[in-house]
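**Q** Just the structure for this:
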Amino acid sequence: MADTPITLRLTIADPVPGVRYSLQQDDMPFEPVTASDAPLSFDVPVRLSDDNRFLGPFVRREGPARRFVYIRIGQSAGQHDSLWTRRAKIDIHDIPPALLDQARAGRILEIILPGKGKDGSPACATVRSATGWKAL
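**A** Residues are numbered from 1 along each chain as shown. Next up, the predicted model:
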């Protein structure tokens, strides 16, 4: 069987207004967007193998099992005058198999992420959702 293309939607609930965000494709920013007060979403096309491995130019790996997607922030997203040079790491290897089955059937999988750290600056490092993944 061939790999199945699926879409993961990463939604930043409260991005820092005026800061540029982008996905990381390979090692470069991809389609940067400057945030407003509104939530900011990125649709990430990935391929899902028969054994639930994530593949594609947006997928990063760490060790034998961990797979994640980076969101680049500030200077990392090409905003040269930004105060921040950050990336947010969004884990995807732990998406439940039942949701992956729904994605194979054409549903988009979404996760809502916090956009700000405790100090009000852009959230970075491994960013976790309070609610987890859901099928749309």
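**Q** Not counting stretch 12-21 itself, show me its contacts.
**A** Contacting residues not belonging to stretch 12-21 are listed as 32-37, 39-42, 71-74, 77-79, 82, 84, 112-116, 120-122 [CB atoms under 8 Å, 6 or more residues apart in numbering]. Where C-beta positions appear, they are placed from N, C-alpha and C, glycine not excepted.
**Q** buried sites along it?
**A** Applying a neighbour-count criterion of 16 or more other CB atoms under 10 Å, one finds I12, A13, D14, P15, V16, V19, R20, Y21 buried in stretch 12-21.
**Q** Out of the contacts of stretch 12-21, list just those in helices.
**A** Secondary structure from DSSP state H places none of those in helices.
**Q** Which of these are buried, as a PyMOL select command?
**A** Selection command for PyMOL covering only the buried members of the contacts of stretch 12-21, criterion 16+ other CB under 10 Å:
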select buried, resi 35+40+42+71+72+73+74+77+79+82+84+112+113+114+115+121+122
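**Q** now the strands for this protein?
**A** Counting by DSSP state E, one finds strands in the chain at the ranges 4-12, 20-25, 28-34, 40-48, 54-55, 59-62, 66-74, 85-91, 109-113, 125-126, 133-135.
**Q** how about the CA coordinates for the fourth one, as CSV?
**A** What follows is the C-alpha trace of strand 40-48 in CSV, where atoms were taken according to Å, rounded to 0.1, in the frame of the first residue of the first chain:
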residue,chain,number,x,y,z
LEU,A,40,-3.2,31.6,13.6
SER,A,41,-3.5,28.2,11.8
PHE,A,42,-1.0,26.3,9.7
ASP,A,43,-2.2,23.3,7.6
VAL,A,44,0.7,20.9,7.3
PRO,A,45,0.6,18.3,4.5
VAL,A,46,2.3,15.1,5.6
ARG,A,47,2.3,11.5,4.4
LEU,A,48,1.3,8.6,6.7
